[in-house]
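# Based on what follows, work out the 3D shape:
(chains A and B)
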There are 2 protein chains.
Amino acid sequence: MRVSRFLLSTVRETPAEAETVSHQLMLRAGMIRKLAAGIYSWLPLGLRVLRKVEKIVREEMNRAGAQEVLMPAVQPAELWQESGRWDQYGPELLRLTDRHKRDFCFGPTHEEVITDLIRREIKSYRQLPANFYQIQMKFRDEIRPRFGVMRAREFLMKDAYSFHASEASLGETYQVMHATYSRIFQRVGLEFRPVAADTGAIGGSHSHEFHVLADSGEDAIAICSKCEYAANVEMAQALPPLGKRPAPGQPMQTADTPGQHTIEQVSRFLKIDPKQTVKTLLVKGTGGVIALVLRGDHELNEIKVAKLPQVAKPLMFVTPGEVELAAGCEPGSIGPVGLKITVIADESAVRLADFVCGANVNGKHLVNVNWGRDAAEPVVADLRKVVEGDPCPDSGKGECGGTLSIRRGIEVGHIFQLGTKYSEAMQATVLDEAGQSVIMPMGCYGIGVSRVVAAAIEQNHDDNGILWPDAIAPFQIALVPIGYGKSEKVRETMDKLYGELVHAGFDVLLDDRDERPGVIFADMDLIGIPHRIVIGDKGLAKGVAEYKGRRDKQPRELPLGDVIGMLHQTIKS
Amino acid sequence: MRVSRFLLSTVRETPAEAETVSHQLMLRAGMIRKLAAGIYSWLPLGLRVLRKVEKIVREEMNRAGAQEVLMPAVQPAELWQESGRWDQYGPELLRLTDRHKRDFCFGPTHEEVITDLIRREIKSYRQLPANFYQIQMKFRDEIRPRFGVMRAREFLMKDAYSFHASEASLGETYQVMHATYSRIFQRVGLEFRPVAADTGAIGGSHSHEFHVLADSGEDAIAICSKCEYAANVEMAQALPPLGKRPAPGQPMQTADTPGQHTIEQVSRFLKIDPKQTVKTLLVKGTGGVIALVLRGDHELNEIKVAKLPQVAKPLMFVTPGEVELAAGCEPGSIGPVGLKITVIADESAVRLADFVCGANVNGKHLVNVNWGRDAAEPVVADLRKVVEGDPCPDSGKGECGGTLSIRRGIEVGHIFQLGTKYSEAMQATVLDEAGQSVIMPMGCYGIGVSRVVAAAIEQNHDDNGILWPDAIAPFQIALVPIGYGKSEKVRETMDKLYGELVHAGFDVLLDDRDERPGVIFADMDLIGIPHRIVIGDKGLAKGVAEYKGRRDKQPRELPLGDVIGMLHQTIKS
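Have a look, this model is predicted:
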């Protein structure tokens, strides 16, 4: 492609409305333009990247035996009523009415449509397993769309749905999809992690998210230093420190702590490490108020707590009045000593000896408290979020001995074992080998294709612009002639090289504008072309061209005749 | 692909709801399934065809220098209000409201969005001409969607929009698009015609429709037997028969025609050829009622008449009461003799001598009427639809001497010179060479991608199913083993051939089901695979396979070793 025939719409200024780097750079590079809140047009430059991601996704889904289909964007309300989601989904579902006053929605997802399709088309276990995918624009009416295409309302999604005659078969396809997603993000060229995830509202029993690692990511992920373990911080199992609980040392004493409520305040006041304190929270239990005890430096993990059998659903904290009734004090002074209610303590808190806790008296704390001696031995459970340095709960392949670090991630893919949530509601059955009608277990597998583009930028950029991986760069090679309009020799050499590179199958952008080299270099850096070849009269006199990889600090010269061979060796595709 | 891993959902019975052959065959072959009125899911088989058409369209648009973009499906009302179409478009525009109560529509077309985009991005004539296209699902809320994907509500469209600094540049791009569309439909493998068309409601000055010829087409097209001339019957210029008007023969006489009103009735009653009669219709003119005279066997062309300067806009026929006032008789008895109002006669009617017409007296006609002698010489104009056998008005390349035949066509593409309709309303300007702000002339160019699939079937089918052209067949080759599950030799030979053909780049469907050959043959014929190879133990004993092209009457044997070479030679791609 020649720039003279291409809509290169770069912008120097950082657009004020863009908060994230990827949003800023996608606007500045001329990849996207906003049409309305959360609704974007893809300009030629951006679409080239989007299509490359799409192509990799399609190739790998096909390779995994999934069959491509294309379902409508506009879906009738009846199917959503059948699954129960017409009422459940809330205002993110863009509802609409056709000219005959029938209710439809612009599909944010297609479980209902595919389940309806497959219950009609597939009758026998012999046609299973089967996995169907599509790559399509979806709409989710986010209340606050932001970050450009990262959290847009209209977005390009690959969604896949698998159907099975047994749970075992679902498990197999789930593993195939897990491997396929890993291959996809490897091919795209991103650092990523499959992360064990909570299944949340979609339902189902088993799920992984695929996260692109980037400091700007919205999600915190716990990653092992040694093994492949990765989990959402909310989901990661928190292990206590190695070793046993030390024996009690000092006798328990009461300390005055007037006006000191938080762990930070109490620790500073008593000059003690927060790790040597515990905090106690009261929540509603299934049989009255219960106390939760955590080490002072740890945070409650509400998702874990909500799953405890002793805890009432949904998780509810008690009011200060109820605290007063149960513990006889304000919320900042509760402690496990002498409490008459069920006490559940996190494993790390249970390992402490000689710790500090509230005295259940306003303005007082207890020091040198010990479980079993001063406070009754509590129920033990995992109540907390993991922190940097926690032991790895390991990936299930044996104890790895690594420790966890907390990274930020951007969710770009999600695989679920849905089970029979939809197939049961919609009576999607097949006949099994014995001729019995069985409900098909289902899996679903999504990739936010447009989001991958933004995530790739969040992970790969510098002050000058985007750093595209070769596989999804809009163009792989930028050809920059110095004096294209002035030097016949430069023009002829560049045109010949351009023709040869295109013929060899490379995606090449020849900047044939009448612009200063500095302007061209800035544009090519901004739009992130990974490989740049510069040719000018000076170099031609010596028979050399100049090459610079986008991540290189300095350009280097090489003989003109070596350019094509070097690019073949350098560019992975 | 192996059938065992593919959703082959063929149906024997013709679905009752399908009126057209393509709709019936797309349902029977398992290409599409209805989700709601005019809204279809594409199954894997159908999508393969759709994607092949899409690929050809994309390649040819790129080759023509057009740049691919992707604009949102959901468009804000403000832009449509700016162009004036929010109020004009009517109920076919699917309007919707987001959670913040803002008005949007599901785009049926994208003139407003692209014009808004380009007025922001392109500032100088140096960036022009530029042509942008996208391939995307559109929605048009048809009041009566039918014929499957032929007239669906949600449909896949390629729409392109070009921008220019001058009308001359628009004309050039228009010619490029004309040639591009011809290449696209040639590559798809269809018999088609570019047809001069009325621009209708979209506005603009110059337009061609691309029609796939098929007996079931909704549109009548006049095509020359000798040259490339083709036009919508409504648009085709109607020439009079060659030669001059004969001299008057007999004197005019009055004939009693009691109860005879129509041309058919009068001709039969008077035993005269309808071609020797004229019919007279009264319409409202700009200065009172005017009479239109046509030869009895011809039909009024309302589009041509509406454009006459003497005729009031919009075209209105007068009431029987007004006929009585103007002609003194009922509508079935009007004639040009003695009329006191303006008479406009079609050229063919003006060539008649000794003709029959109404006498302006109920129950009476005049015979042997002659222009200039009995009736005043009328204003002459082209008022009629062309008919089979009319002289070709020629394609503008000199008189061709051919005659017109009337064929049926399915409109699959449409190119327009829009002029400044949108760019003026939305103030899309650039600076020209002199630094003056000028409004950009625009062109727009559409292809109904999903419609092409249905049109291809309307043109290419027989009693057994679809006859796909090689270029868009879901699979090019069907491999049919006789006894795949029983004969190891057959299985091995087939698997090897399958691998080699796939490796050679062919799209191959291996039917590895445990079905009778008759069932497999019927399925492969129904889904229209163009080339079929059968291998069984009998043939293997002789070292031969059986080949049958989908359009061949009989299969033929060929040595196993020649199969791949033969397929390479036979399949155009």
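# Pretty sure residue A:452 is one of the things residue A:22 touches, is it not?
No - applying Cβ atoms under 8 Å, one finds residue A:22 not in contact with residue A:452, separated by 10.8 Å. C-beta coordinates here come from the backbone N, C-alpha and C atoms, glycine included.
# Those two: which has the busier surroundings?
In this view residue A:22 and residue A:452 are compared by other Cβ atoms under 10 Å in any protein chain shown, and residue A:452 has more residues nearby, 30 against 27.
# Buried residues in stretch A:80-91, which are they?
A:80, A:82, A:83, A:85, A:86, A:89 (16 or more other Cβ atoms under 10 Å in any protein chain shown).
# Run through who's touching the helix or strand that contains the second one.
For residue A:82, the host element (DSSP states H and E) is helix A:77-83. Contacts made with helix A:77-83 from outside it, assessed by Cβ atoms under 8 Å, 6 or more residues apart in numbering or on different chains, are listed as A:86-87, A:89, A:93, A:95, A:102-105, A:111-113, A:115-116, A:422, A:425-426.
# show me the contacts for residue A:278.
Counted by Cβ under 8 Å, 6+ apart, residue A:278 has contacts A:293, A:294, A:295, A:296, A:335, A:336, A:345, A:349, A:352, A:355, A:356, A:357.
# quick one: the fifth one and residue A:274, what's the gap?
When you say that, I think you mean residue A:335. The gap separating residue A:335 from residue A:274 is 15 Å, by Cβ to Cβ, to the nearest Å.
# quick one: the nearest residue to residue A:5 once chain neighbours are set aside and residue A:408, what's the gap?
Among residues not flanking residue A:5 along the chain, residue B:65 sits closest, at 6.1 Å (Cβ to Cβ, 6 or more residues apart in numbering or on different chains). Per Cβ to Cβ, residue B:65 is found 43 Å from residue A:408.
# what's the answer for residue A:62, then?
In terms of Cβ to Cβ, residue A:62 sits 32 Å off from residue A:408.
# what does the domain assignment say about chain A?
A:17-236+A:406-457, A:253-381, A:477-570 (the TED database).
# Can you say which of these is nearest to residue B:256?
domain A:17-236+A:406-457 (53.5 Å; Cβ to Cβ).
# State the distance spanning the first to the last residue of the closest one.
18 Å (Cα to Cα, to the nearest Å).
# Below-threshold pLDDT in chain A: ranges please.
Along chain A, segments meeting pLDDT under 70 span A:198-205, A:395-398, A:572-573.
# residue nearest the centroid of it?
The residue lying closest to the centre of chain A (Cα atoms, centre = their mean) is residue A:411, at 1.5 Å.
# ok, that residue - contacts?
For residue A:411, the contact set (Cβ under 8 Å, 6+ apart) comprises A:209, A:210, A:211, A:218, A:219, A:448.
# all strands for the stretch 51-200 of chain A, in order.
Remark: strands assigned in the stretch 51-200 of chain A by DSSP state E, counting those that start in this stretch are A:67-68, A:74-76, A:94-97, A:103-106, A:130-139, A:154-163, A:192-196.
# which of the residues in the last one are buried?
Along strand A:192-196, these residues count as buried under the neighbour rule (16+ other Cβ under 10 Å): A:192, A:193, A:194, A:195, A:196.
# Could you single out the nearest of these to residue B:30?
residue A:194 (35.0 Å).
# For chain B, see how far away that closest one is.
The spacing between residue A:194 and chain B, counted by Cβ to the nearest Cβ, to the nearest Å, is 26 Å.
# beta partners for the closest residue to that residue other than its chain neighbours?
Nearest residue to residue A:194, sequence neighbours excluded (Cβ to Cβ, 6+ apart): residue A:208, at 4.9 Å. Beta-bridge partners for residue A:208, by DSSP bridges, are residue A:196, residue A:415.
# and residue A:208, what does it touch?
Counting by Cβ under 8 Å, 6+ apart, the residues that residue A:208 touches are A:178, A:194, A:195, A:196, A:197, A:414, A:415.
# make it 7 Å
A:178, A:194, A:195, A:196, A:197, A:415 (Cβ atoms under 7 Å, 6 or more residues apart in numbering or on different chains).
# Residue A:363: how many residues sit nearby?
By other Cβ under 10 Å, neighbour count at residue A:363 equals 16.
# Run a quick check on it versus residue A:255, I expect a contact.
No - here residue A:363 does not reach residue A:255: they are 10.0 Å apart, not a contact under Cβ atoms under 7 Å.
# rewinding a little: and which of the buried residues of strand A:192-196 is nearest to chain B?
residue A:192 (24.9 Å; Cβ to the nearest Cβ).
# by contact count, what packs against the longest helix along chain A?
Assignment by DSSP state H gives helix A:167-188 as the longest helix of chain A. If you count contacts as 3 or more Cβ pairs under 7 Å, 6 or more residues apart in numbering or on different chains; DSSP states H and E, helix A:167-188 packs onto helix A:44-63, strand A:192-196, strand A:206-213, strand A:404-419, strand A:442-448.
# Show me what from the stretch 1-150 of chain A comes close to chain B.
Contact residues (Cβ under 7 Å from any Cβ of the partner chain) of the stretch 1-150 of chain A with chain B: A:5-7, A:9, A:33, A:35-36, A:39-44, A:47, A:65, A:67-76, A:91, A:94, A:96, A:98-99, A:113, A:117, A:121, A:130, A:137, A:139, A:141, A:143.
# In which helix or strand does residue A:548 reside?
strand A:544-549.
# what lines up beside that strand in the sheet?
strand A:531-535 (antiparallel), strand A:556-559 (antiparallel).
# roughly how far is it from the heart of the chain?
Averaged C-alpha coordinates place strand A:544-549 at 37 Å from its chain's average position (Cα atoms, centre = their mean, to the nearest Å).
# Many thanks, we can stop here.
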